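**Q** coordinates only, no sequence provided:
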Ligand SMILES: Nc1ncnc2c1ncn2[C@@H]1O[C@H](COP(=O)(O)OP(=O)(O)OP(=O)(O)O)[C@@H](O)[C@H]1O
Ligand SMILES: [Mg+2]
């Protein structure tokens, strides 16, 4: 790839078309499609072994996909080896070359391109400024802290102006405080360069706070693709709902889809039947279904509210969590408790609803999310 | 604990100490404890042509063996450890197999084989034979070091635009250097010390020092052999010292 004057290579679109990969009997990646728009930071989020690294390695060219193709900026790179794809990649353990100084590490990509020493010096300086570590050129990687190594690894991967940046759990090895600092750093650098970025993580919070787009993966399948608020507020499957944090799941019977954007889910708790209203979800057939309601979307009241979606329960537990009250509420005829997070309006650590008291639970129609299994 | 140290000294270092001290005796025969002090047996070593000629052959052979074993062993170790080679384990076992065969058998077989190839008794045959028995040491130390290095380094280099040759030259080679160095040293020590193989390929100008020492001992039993042993020992110690200074002896312990 001729890339001598690549200082302003623009960020490119990345497309996966029907990509799949198996290792023997293990299906690491089901046939999957993905479009990452130029300049977007997209997270691949999922539990261990779901195929995140495999997806990244297929994009980088370390694994040949069994089916499908990889397109970068509209160009099919499926058959190109990794060194011809013009990508940047940061590995979990940074993998800085231990026998080279920081400057030589950062310069590596430029040397492979046969850039002039003058150009190399300038670019290395620029990169170290970008990651806010000027002046460490002469040090060796083992003379840097974990966070500093992380920044150098990032600088090394960006020095060649790659069209797409791939990050495999780049913050996984850092402690919690440093992690948060580096998350902001990463986002700042990504914004500055406007580079198309794919970030692999199994940390929900990291994915939701850092990304423009999130892909939730499970068992080699892209379960849902959307903005952080889409996947968080409107999970489509039970897996997504559970993986993205505490959700109350209510199982019942859903009415047939209609033209009006309205579905009714009947819950049966003991003798009591409750009808819950929820928005459309036209792809879900009539019959057994699960709806998810986030704890912070439920409102508690002592008197029966004038609303549609109402359940009745008894407060079983309460903790104050700094910014909200967490209640555990049991509903007669239902095995699992329902969790409710009530914003602490008054600055009081005391429960508004004491343990043992009866309460009504209610939420807005659009907050009942119908899930696919 | 102390008792182990004492036993260690008695059984391992004791004989070495005795040989070295005998080499300085003034007497015409092997005597322990040595009597007086003189360099005359060293003088004899350097004046007796078969000794000094075979010493030069031994040193040249050891260096050539080490270089050849590295040239052949390093690519093999890399390919078998991480290349996508079919039957990698089988090939590895095969490469290490000279370790588990009696050297007499290897020497005998190689003599036949190399004679059939028309190489007969020559320095080249000797070099091939020594390389065969040193190769396992190089393969083992290099594979051990290489296995301990995460593939991420090479993959990082690839993403940064390096082709296979550049990856090897700029990343893999510097990182496996301790293994190569240790393997080379092993190969030299194995070669310089070897008797059973060298014995089959002995001739006026391919006799190695151990072969000459053995035949010398058959006729005479004077302290010059002790001086020859001490010189061999010094060569080995210098080798170890160099490795120790550059890498530390840890590098010689193959990582499992
Ligand atoms: N080289 C390989 N050979 C055989 N199986 C593999 C290989 N690489 C991955 N797998 C399998 O493919 C599946 C997906 O692996 P992958 O590494 O992509 O998961 P991941 O989502 O990155 O997990 P983690 O969060 O633990 O890193 C796993 O079941 C794994 O065991
Ligand atoms: Mg992984």
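**A** Structure's in. What do you need? Note that this is a predicted model, so its numbers are computed, not measured. Numbers count the residues shown, from 1 in each chain, chains lettered A, B, ... in the order given. Ligands and ions are numbered 1, 2, ... in the order given.

**Q** with adjacent residues omitted, what lies nearest to residue B:246?
**A** residue B:181 (6.8 Å; CB to CB, 6 or more residues apart in numbering or on different chains). No exception for glycine: its C-beta is placed from N, CA and C like everyone else's.

**Q** helix or strand for the one you found, which one?
**A** Per DSSP states H and E, residue B:181 falls inside helix B:173-193.

**Q** now whatever residue of the stretch 1-150 of chain B ends up closest to ligand 1: how far from residue A:281?
**A** The stretch 1-150 of chain B approaches ligand 1 most closely through residue B:84 (10.7 Å), counting by CB to the nearest ligand atom. Counting by CB to CB, to the nearest Å, the separation of residue B:84 from residue A:281 is 47 Å.

**Q** which of these two has more neighbours?
**A** Neighbours were counted for residue B:84 and for residue A:281 using other CB atoms under 10 Å in any protein chain shown; residue A:281 has more, 20 against 6.

**Q** touching, the more buried one and residue A:263? I think so.
**A** Yes: applying CB atoms under 8 Å, one finds residue A:281 in contact with residue A:263, separated by 6.0 Å.

**Q** between the two, which contacts overlap?
**A** A:257, A:370 (CB atoms under 8 Å, 6 or more residues apart in numbering or on different chains).

**Q** tell me which element residue A:165 falls in.
**A** strand A:164-168.

**Q** ugh, typo on my part, it should be residue B:69
**A** Assigned by DSSP H and E, residue B:69 falls in helix B:49-82.

**Q** which helices and strands does that helix pack with?
**A** Counting contacts by 3 or more CB pairs under 8 Å, 6 or more residues apart in numbering or on different chains; DSSP states H and E, helix B:49-82 packs against helix B:40-47, helix B:88-96, helix B:123-147, helix B:173-193, helix B:209-219, helix B:224-246.

**Q** out of those, nearest to residue A:360?
**A** helix B:123-147 (64.3 Å; CB to CB).

**Q** next structured bit after that closest one?
**A** Trace forward from helix B:123-147 with DSSP H and E and the next one is helix B:152-159.

**Q** against which helices or strands is that next one packed?
**A** Helices and strands touching helix B:152-159, by 3+ CB pairs under 8 Å, 6+ apart, are strand A:87-90, helix B:164-167.

**Q** now the angle between helix B:173-193 and that helix, please.
**A** Angle of helix B:152-159 versus helix B:173-193, following axes from the mean of the first three to the mean of the last three CA atoms, to 10 degrees, is 130 degrees.

**Q** quick one: distance of helix B:152-159 to the chain centre.
**A** 34 Å (CA atoms, centre = their mean, to the nearest Å).

**Q** just checking, residue A:97 touches residue B:153?
**A** Yes: the pair residue A:97 / residue B:153 is scored as a contact, 6.4 Å apart, by CB under 8 Å.

**Q** quick check: buried residues in stretch B:53-62?
**A** B:54, B:55, B:57, B:58, B:59, B:61, B:62 (16 or more other CB atoms under 10 Å in any protein chain shown).

**Q** overlap in contacts, residue A:97 and residue B:153.
**A** B:171, B:175.

**Q** stretch A:197-208 vs ligand 1: in contact?
**A** Yes: contact between stretch A:197-208 and ligand 1, assessed by CB under 6 Å from any ligand atom, occurs at residue A:202.

**Q** avg pLDDT for that stretch?
**A** Averaging pLDDT along stretch A:197-208 gives 92.

**Q** is that stretch anywhere near chain B?
**A** No: applying CB under 8 Å from any CB of the partner chain, one finds stretch A:197-208 separated from chain B by no less than 13.2 Å.

**Q** which residue lies closest in space to residue A:133, excluding its sequence neighbours?
**A** Take residue A:133 and drop its neighbours on the chain: the residue closest to it by CB to CB, 6+ apart is residue A:151, 5.3 Å away.

**Q** residues near the one you found, how many?
**A** Residue A:151, neighbours per other CB under 10 Å, totals 24.

**Q** check which helix or strand it maps to.
**A** Applying DSSP H and E as the criterion places residue A:151 in helix A:146-158.

**Q** now do the buried residues in that helix.
**A** Buried residues in helix A:146-158, counted by 16+ other CB under 10 Å: A:147, A:148, A:149, A:150, A:151, A:152, A:153, A:154, A:155, A:156, A:157, A:158.

**Q** and the residues you listed as TSV, adding distance to residue A:290 and pLDDT?
**A** Listed next are the buried residues of helix A:146-158 as TSV, based on distance: CB to CB, whole Å; pLDDT from 0 to 100:
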residue	distance to residue A:290	pLDDT
A:147	42	88
A:148	47	92
A:149	45	93
A:150	40	91
A:151	44	92
A:152	47	95
A:153	42	95
A:154	41	94
A:155	47	95
A:156	46	96
A:157	42	96
A:158	44	95
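
**Q** for residue A:340, give its distance to chain B.
**A** Distance, residue A:340 to chain B, using CB to the nearest CB, to the nearest Å: 46 Å.

**Q** distance from the strand or helix carrying that residue to the middle of the chain?
**A** Per DSSP H and E: residue A:340 is located in strand A:338-343. Taking CA atoms, centre = their mean, the mean C-alpha location of strand A:338-343 is offset from the chain mean by 24 Å.

**Q** ok, whichever helix or strand comes after that strand: who's next to it in the sheet?
**A** Where DSSP H and E defines the elements, the next helix or strand beyond strand A:338-343 is strand A:358-362. If you go by DSSP bridges, strand A:358-362 pairs up with strand A:299-301 (antiparallel), strand A:310-320 (antiparallel).

**Q** what pairs with the helix or strand of chain A with the lowest mean pLDDT, parallel or antiparallel?
**A** Within chain A, no helix or strand scores below strand A:272-278, which has a mean of 81 by mean pLDDT, DSSP states H and E. The pairing partners recorded for strand A:272-278 under DSSP bridges are strand A:263-269 (antiparallel).

**Q** ok, residues contacting the strand it pairs with?
**A** Contact with strand A:263-269 is made by A:250-255, A:257, A:273-281, A:284, A:289, A:291, A:311, A:331-334, A:368, A:370, as judged by CB under 8 Å, 6+ apart.

**Q** are any of these buried, and which?
**A** Here, 16+ other CB under 10 Å leaves A:250, A:252, A:254-255, A:257, A:274, A:276-278, A:281, A:284, A:289, A:291, A:311, A:331, A:334, A:368, A:370 buried among the contacts of strand A:263-269.

**Q** among these, which ones are in strands?
**A** Judged by DSSP state E, the buried ones among the contacts of strand A:263-269 include A:250, A:252, A:254, A:274, A:276, A:277, A:278, A:289, A:291, A:311, A:370 as members of strands.

**Q** any chance of the residues you listed in TSV, plus distance to residue A:175?
**A** Output for these, formatted as TSV (distance: CB to CB, whole Å):
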residue	distance to residue A:175
A:250	38
A:252	44
A:254	45
A:274	46
A:276	43
A:277	46
A:278	42
A:289	42
A:291	38
A:311	42
A:370	40
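
**Q** keep only the residues you listed that also lie close to ligand 1.
**A** Of those, not one also sits near ligand 1 (CB under 6 Å from any ligand atom).

**Q** and of these, the nearest to residue A:90?
**A** residue A:370 (38.6 Å).

**Q** what sits closest to the closest one if chain neighbours are left out?
**A** Nearest to residue A:370 is residue A:281, by CB to CB, 6+ apart, at 3.9 Å.

**Q** cool, residue B:192 as well?
**A** Leaving aside its chain neighbours, residue B:192 sits nearest to residue B:62 (4.4 Å; criterion: CB to CB, 6+ apart).

**Q** one step back: wait, which of the ones in strands among the buried ones among the contacts of strand A:263-269 is closest to residue A:56?
**A** residue A:370 (32.1 Å).

**Q** so the closest one versus ligand 1, what's the distance?
**A** 28 Å (CB to the nearest ligand atom, to the nearest Å).

**Q** read off the pLDDT value for residue 10.
**A** Picked chain A for this. pLDDT, read off for residue A:10, is 70.

**Q** ah, no, chain B please
**A** For residue B:10, the predicted pLDDT is 86.
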